[in-house]
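> Build the 3D model from these lines:
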Amino acid sequence: MRPAVMFGGPSPEHDISILTGLQAARALLDAGHDVEAIYWSKGGDFHSVAPDLEAAAFLEGVPAKAVPVQLTAGAGLSAEGRMGRRRVIEVDAVLNCCHGGPGEDGTLQAALDLAGLRYTGPTAAGAALGMDKLAFGGVCAAAGLPSLPRAVLTADGPAPEFEGPYIVKPRFGGSSMGIEADVDAGTARDLVRTQPLLRGGAVVEPYRPDAIDLNISLRTHPELQLSAIEKPLRAEDGRIYTYAEKYLGGEGLTSAPRELPADVPDDVRKKMEHMARTIAAVAQVRGVPRIDFLWAGDDLWVNEINTIPGALAWYFWSHEGISFAQLLTDMLTEAERSPGPQWTSEGADGSALRAAGSIAGKLA
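Residues are numbered from 1 along each chain as shown. Down below sits the predicted model:
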């Protein structure tokens, strides 16, 4: 198998995406794969880079000796070759390591579909659903899964119909970026005016400081499998860990404080596993997503889904005895075997064109 590992992208999670991509490329190299590393710059350009680079090579942007790459509809990946002719970059599947932004919201997935390339992680539709907290919450509610009330928040709109205090989140985004907790309605609306990550859309929900965070990862190949349950440990003052605390210390996300497996009652575990399997069926889950829950007493609520989690959720699966290289290889095999998008022009037989008359007549 010849995989392409794609990482970076014009996203606030650009740097974390680089780290995930470099770790994945190194693991696949060590496992004997011929890896094509594709760096997606902050400016939106694609570049072929050495797959064994270190993180410091990206501090100034595009690394030295990087080769510009094009992603073309119907033609896959290509780079400039000899005599100005373009050289097709042959890969079996793309390992998508792009967190947040267009790498995780369906934009990149749709581009890869148009280019005719198979890729890991969610489909374009699944990615768009997972990135939209409001839409994902609506799908869970329609499937009968309990979740806390969630509403759109604007700077000049009405206060939420449910009581505060509130937690405010970017409607599109992750990694605890832009989240503000324990605020009243007025403060929440002010945040939408002043917080850049909230200007593209914000949601508000009740803040439950008594609720415990519980997470679980799924993997969908070679069959649907659930990981052990994780309980992320909050800071001593009970607040949610920030992006810096989660990603910028020690080994990054893999060293963030947690209890794995979490010590939870058996009925909570079974209920959480049932809810996770339901989400897998209704949310077009693929790859190794992480699903986040909130637990308080007899209540268990679905919170969010992270369709391309940091380090591709490897810390869940290493606990299950699965190596990083095996996890990645299974994801790539699933991508390579996927049927891809199925489009059809059936029904477009020219009848409407023949009956149309003149365009000028339609505009009269």
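> so how far is residue 271 from residue 299?
Between residue 299 and residue 271 the computed distance is 10 Å (CB to CB, to the nearest Å). Backbone N, C-alpha and C define where each C-beta goes, glycine included.
> Sorry, slip of the keys, the one I care about is residue 31.
37 Å.
> one step back: more neighbours, residue 299 and residue 271?
Applying other CB atoms under 10 Å to residue 299 and residue 271 shows that residue 271 carries more neighbours, namely 16 against 12.
> gap between the more buried one and residue 143?
Between residue 271 and residue 143 the computed distance is 14 Å (CB to CB).
> nearest residue to residue 317 other than its sequence neighbours?
Using CB to CB, 6 or more residues apart in numbering and skipping the chain neighbours, the partner closest in space to residue 317 is residue 327 (5.2 Å).
> Check the burial of that neighbour by counting its neighbours.
Neighbour count for residue 327, taken as other CB under 10 Å: 21.
> and it, what is it in contact with?
By CB atoms under 8 Å, 6 or more residues apart in numbering, the contact list for residue 327 reads 219, 288, 312, 314, 317.
> contacting residues for the nearest residue to the third one once chain neighbours are set aside?
Spelled out, it's residue 312. Nearest residue to residue 312, sequence neighbours excluded (CB to CB, 6+ apart): residue 288, at 5.5 Å. Taking CB under 8 Å, 6+ apart, we find residue 288 in contact with 121, 217-220, 309, 312-313, 316-317, 327, 331.
> ok, 7 Å please
Taking CB atoms under 7 Å, 6 or more residues apart in numbering, we find residue 288 in contact with 217-219, 312-313, 327, 331.
> So it lies in a strand, does it not?
No: read with DSSP: H, G, I helix; E, B strand; the rest coil, residue 288 is coil and lies in no strand.
> hmm, back to that, so the residue nearest to residue 317 belongs to a helix, correct?
Yes: under three-state DSSP, residue 327 falls within a helix.
> and after the worst-scoring helix or strand of the chain on mean pLDDT, which helix or strand comes next?
Using mean pLDDT, DSSP states H and E, helix 243-247 stands out as the lowest-scoring helix or strand of the chain, at a mean of 56. Per DSSP states H and E, the first helix or strand lying C-terminal to helix 243-247 is strand 258-259.
> Can you give the strand pairings for that next one, parallel or anti for each?
Paired neighbours of strand 258-259 in the sheet (DSSP bridges): strand 231-232 (antiparallel).
> what is the mean pLDDT for stretch 261-279?
The average of the pLDDT scores along stretch 261-279 is 97.
> Name the surrounding residues that touch it.
Residues outside stretch 261-279 that contact it (CB under 7 Å, 6+ apart) are 140, 143, 145, 214, 216, 218, 226, 228-231, 285, 291, 293, 295, 300, 302, 305.
> Kindly check the end-to-end length of stretch 99-106 for me.
11 Å (CA to CA, to the nearest Å).
> starting at the chain centroid, how far to it?
Distance, stretch centre to chain centre, for stretch 99-106: 6 Å (CA atoms, centre = their mean, to the nearest Å).
> in that stretch, what counts as buried?
Within stretch 99-106, the residues scored as buried using 16 or more other CB atoms under 10 Å are 99-106.
> now do stretch 145-165
The neighbour-count check on stretch 145-165 (16+ other CB under 10 Å) flags 145, 147-148, 150-151, 153, 159-160, 164 as buried.
> mind listing which of the contacts of stretch 261-279 are in strands?
Members of those lying in strands (criterion: DSSP state E): 214, 216, 218, 226, 231, 291, 293, 295, 300, 302, 305.
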